[in-house]
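In: got a sequence here, can you model it:
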Amino acid sequence: MTTHTAPAPVRPASRSTLVRALTATQFVSRAGGVARPFLVLFLTQEHGLAPTTAGAVLAAVGAGDVASQLLGGWLGDRIGRRTTMLAGFLGTAVALVALGAAQTLPALVAAAFAVGLTTELFRPVASAAVADLPADQRVRAFGMLFWAANVGFTVSTVAAGALVQHGYGVLFWINAAASVGAALIVWRHVPETRPAPSDAPRRALLPVLLRDRLMLAMIAIHVVYFTMFLQLFATLPLVMAADGHVPAVYGGLLALNGIVIVVAQPVAVRLLDGRPTAPVLAASMLLVGLGGGAAIVVQGVPAVAAAVLVWTLGQIGVSVVFGATFAGLAPADLRGRYMGIASTTWSVGSVLAPLAGTALLDLGGRGAVWAAATAIGFALFAAQRALAPALRRRS
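Out: Reported below is the predicted structural model:
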């Protein structure tokens, strides 16, 4: 009988070093990510592109994001977690400089795709590195990565608003410098965690994945969840604008979302660490559905803020156990590729969400969006509860 790769043991002394280094890398890369929030303005104002043409360039970034999850997982299993991270961050620096210097539409599209492809290589590979840790340490480690990403994103949005006054070009150079800084952290402090090679034949992902019904079910659930959740960021600003609210009000609600995550997420890690993940996912997805649906139909800023708070609590719950849940499903020799597939559920949801949300709002109004979000929340709750026994046996 064929034996598969066993995880290479990560020395206890290096486990805390790994988590701290990955957390620092996540923060530096996200805090320095000042170019992307202003990319649409760079394209329309600096290059004079029409909004639809600028949208096509942004879509190229999104296409690169999707591809990077699969490529990152494959490279992480083939050449190692650490090497893939270094390639991603150094490639990001080059791609950002190229995007900032591009003058023609084909060059902009090509550079935009390269930015998406390289920037997100870190996500599946970092997830695989955390998945290489003992199971009882994964929830806390994944929670730290999620927290660092949100703190970094908060810093980047504030910094970008101040830096853009000096021109769009400076954003690309600072973003590129941050990517080089993240690469230096990886080079100096991130140990290699890829499982040691074995004498067993190397397995391809697709045959294993197609036989893994539990993994396929979890992929489907999370694509639906991320589509339902991320459409809120397309429909809520439209609904608030129709109610006469200025953009700053919507920005304040996003700030509330970020602040609650930064404050509450470390507490959630302590509360949820060691608990079965299926009930946590079920309850959290239901909260996102209920809170997201309510935010679309309630009247008044305080009521919308309360709804945002409900969905944020659900968002925190999903994010805390997401990585650990998929890590528990991943065979050791396919861990990088499994985590890449898991990350792809977010990327696919981010593509489908604005299309589905705006179409539903246009066809059925805010009531249709509320009904769909609420119904999907209950459906996801039921589906995740139904998979709980299988997830428990698998872990």
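In: what is the neighbour count of A248?
Out: Look at A248: counted by other CB atoms under 10 Å, it has 7 neighbours. From N, CA and C alone the C-beta is placed, and that goes for glycine too.
In: okay, and it sits in which element?
Out: In this structure, A248 sits in helix 247-272 according to DSSP states H and E.
In: what of L313?
Out: Short version, using DSSP H and E: L313 is in helix 301-329.
In: again, but for R275
Out: R275 is part of no helix or strand, with elements assigned from DSSP H and E.
In: find the nearest non-adjacent residue to it, please.
Out: Counting by CB to CB, 6 or more residues apart in numbering, R275 lies nearest to V321, which is 8.0 Å off, once chain neighbours are set aside.
In: give me the longest helix you can find in this structure.
Out: helix 335-394 (DSSP state H).
In: now do the helices in the stretch 1-150 of the chain.
Out: Taking DSSP state H, counting those that start in this stretch as the test, the helices found in the stretch 1-150 of the chain are 12-31, 39-41, 51-78, 81-101, 105-119, 122-131, 138-163.
In: cool, and the stretch 151-300 of the chain?
Out: Ranges of helices in the stretch 151-300 of the chain, per DSSP H, counting those that start in this stretch, are 168-189, 205-211, 213-230, 232-242, 247-272, 277-297.
In: quick one: contacts of the shortest one?
Out: With contacts defined as CB atoms under 8 Å, 6 or more residues apart in numbering, helix 205-211 is touched by W74, M215, L216, P331, L334, R337, Y338, I341.
In: same list (these) but as CSV, adding neighbour count and distance to F27.
Out: Output for those, formatted as CSV (neighbours: other CB atoms under 10 Å; distance: CB to CB, whole Å):
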residue, neighbour count, distance to F27
W74, 17, 26
M215, 20, 30
L216, 13, 34
P331, 16, 31
L334, 25, 29
R337, 28, 26
Y338, 27, 25
I341, 24, 26
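In: any chance of the residues you listed in TSV, plus pLDDT and distance to T277?
Out: Below are the contacts of helix 205-211 laid out as TSV (pLDDT from 0 to 100; distance: CB to CB, whole Å):
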residue	pLDDT	distance to T277
W74	88	26
M215	95	14
L216	96	17
P331	88	18
L334	87	20
R337	87	21
Y338	90	15
I341	91	17
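In: and the residues you listed, which two are the farthest apart?
Out: Spatial extent of the contacts of helix 205-211 (CB to CB) is set by the pair W74 and L216 at 18.7 Å.
In: next, count neighbours for D362.
Out: If you count neighbours by other CB under 10 Å, D362 ends up with 11.
In: coming back round to it: point out the most buried one among the helices of the stretch 1-150 of the chain.
Out: helix 122-131 (a mean of 30; mean count of other CB atoms under 10 Å).
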